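J.: generate coordinates for the sequence data below:
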Amino acid sequence: MTTEAVRRALQASGVRPLRVPDAVSALGSGYAADAYLVRARAGIPGPPSGRSRGASATQIVLRLPKPPLSYSAPLLQRETRLLRALERYDLGVTTPRGMRPIRDGRTFLGTVHEYVGGTPFASGLRGVTRERLCTGIGQFLAALHAVPTVAAIRAGAVERDLWPDLYRGLIAETLPQLGGAAGTWLVQTAEDFERGGGTHHAPRVLVHGDIQQKHLLVDEHSALSGVIDFGEAQVADPALDFAGVLNQLVWADLERVWVAYQAAGGRLDADVERRVRFYIAVVPIYRVLYGEAAQGPQERLGGIRQLAARAAAATRRGASPDR
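T.: Model (predicted):
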């Protein structure tokens, strides 16, 4: 499986795929990049950095930015710098190593890094395996949030006060695309959050920023073994990562994550639950704003339907947007 863009990037990177069927295969497609697995000859992507074993890697991940390039290319470039810096820290899991940019002259084409083994965790985990997953997530987040913010910013991570610097603007951009009930609910939710203090007093730590099922990889025992896709990493409110846990898990699982997080040295502030509930409530705005460009019009429509459903659920609970 090759396209002209893949061939161009591989040629510019120096990666030499094996001459076998399926030497290049699709791994997945996110909002910012398409990913491909390349079965390559040893020696790529080097030179290795920190604990990286890039010099002997034979499975390489190629990531190509998706349009609009003004959004996706900078994310990949910042991620490259940050991940190379994170190789100096023990996060308890494997993260992409040996990551480097691919350029053709001055044109940024994408990135390559060593393949991170594992599979996304199964949604139906139960009992001890579910506990094991939650423990691993809590331990990973405690380690990530402990990375010195000065080092993260030096490596290119942006520092944000999430309400005034990000969410207020995102919600304003989303509102013109919503119908009456959904728009009214979103305005009320935002106003309630701002009146409650927004994010002004939230701690600032290095967050992953996109915790979700496909980015959390587990081994054959369902233990967290790898975390990928740090393109949204930033120095911001740790509640953003905790809200991400709720993308595929439930509140009881988040509480298990918190137990492991605190046992590993992480600290929870008294206001964290309020902020978690806000971030997860409004998460469909990303589908509304970026879904169509990334995955087509149905992704955008899905986000609008999600917001409408949340507005309807709030009304049924008696929490009418008009209260």
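
J.: in stretch 61-68, what counts as buried?
T.: Using 16 or more other Cβ atoms under 10 Å as the burial criterion, the residues of stretch 61-68 that qualify are Val61, Leu62, Arg63, Leu64, Pro65, Lys66. From N, CA and C alone the C-beta is placed, and that goes for glycine too.

J.: which outside residues touch it?
T.: Contacting residues not belonging to stretch 61-68 are listed as 5-6, 9-10, 13, 15, 24, 27, 29, 31-38, 72-73, 75-76, 96, 102, 108-116, 293-294 [Cβ atoms under 8 Å, 6 or more residues apart in numbering].

J.: rounded mean pLDDT for it, please.
T.: The pLDDT scores in stretch 61-68 average 92.

J.: pull the CA atoms of it into CSV?
T.: Provided in CSV are the C-alpha atoms of stretch 61-68 (Å, rounded to 0.1, in the frame of the first residue of the first chain):
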residue,chain,number,x,y,z
VAL,A,61,5.8,4.4,11.9
LEU,A,62,5.5,7.0,9.2
ARG,A,63,3.0,9.9,9.9
LEU,A,64,1.9,12.3,7.3
PRO,A,65,0.0,15.6,8.2
LYS,A,66,-3.6,16.0,7.0
PRO,A,67,-5.0,19.2,5.7
PRO,A,68,-5.3,21.9,6.8
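
J.: helix/strand/coil for Ser25?
T.: Secondary structure, DSSP: H, G, I helix; E, B strand; the rest coil: Ser25 is strand.

J.: just checking, it touches Leu37?
T.: Yes - using Cβ atoms under 8 Å as the test, Ser25 is close enough to Leu37 to be in contact (5.2 Å).

J.: out of those two, which sits in the busier spot?
T.: Applying other Cβ atoms under 10 Å to Ser25 and Leu37 shows that Leu37 carries more neighbours, namely 18 against 12.

J.: that one contacts Glu114, doesn't it?
T.: No - Leu37 sits out of contact with Glu114 when judged by Cβ under 8 Å, with a separation of 11.2 Å.

J.: who touches both of the two?
T.: With Cβ under 8 Å, 6+ apart as the test, Leu37 and Glu114 both reach Gln59, Ile60, Val61.

J.: same list (the residues you listed) but as a markdown table, adding secondary structure and distance to Leu254.
T.: Below are these laid out as a markdown table (DSSP: H, G, I helix; E, B strand; the rest coil; distance: Cβ to Cβ, whole Å):
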| residue | secondary structure | distance to Leu254 |
| --- | --- | --- |
| Gln59 | strand | 33 |
| Ile60 | strand | 35 |
| Val61 | strand | 29 |
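
J.: measure Ile285 to Thr174 for me?
T.: Distance, Ile285 to Thr174, using Cβ to Cβ, to the nearest Å: 4 Å.

J.: for the two, list the residues in contact with both.
T.: Common contacts of Ile285 and Thr174 (Cβ under 8 Å, 6+ apart): Leu186, Leu307.

J.: out of the contacts of stretch 61-68, which sit inside strands?
T.: 24, 27, 29, 33-38, 102, 108-114 (DSSP state E).

J.: how about residues contacting stretch 80-92?
T.: So stretch 80-92 is contacted by 49-52, 95-97, 99-101, 111, 113, 136, 139-140, 143-144, 147, 151-152, 154-157, 227, 230, 233 (Cβ under 8 Å, 6+ apart).

J.: what is the mean pLDDT for that stretch?
T.: Here stretch 80-92 scores 96 as its mean pLDDT.

J.: which residues in the stretch 151-300 of the chain form strands?
T.: Here the stretch 151-300 of the chain has its strands, by DSSP state E, counting those that start in this stretch, at 205-207, 216-218, 224-227, 234-236.

J.: most tightly packed of those strands?
T.: Of all the strands of the stretch 151-300 of the chain, strand 205-207 carries the top mean neighbour count, a mean of 26, counting by mean count of other Cβ atoms under 10 Å.

J.: relative to that one, what are the paired strands and their orientations?
T.: Using DSSP bridges, the strands paired with strand 205-207 are strand 234-236 (antiparallel).

J.: ok so, going back, now intersect the buried residues of stretch 61-68 with the strands, please.
T.: Counting by DSSP E, those place Val61, Leu62, Arg63, Leu64, Pro65 in strands.

J.: what about the second one, distance to Arg7?
T.: For Leu62, the distance to Arg7 equals 11 Å [Cβ to Cβ].
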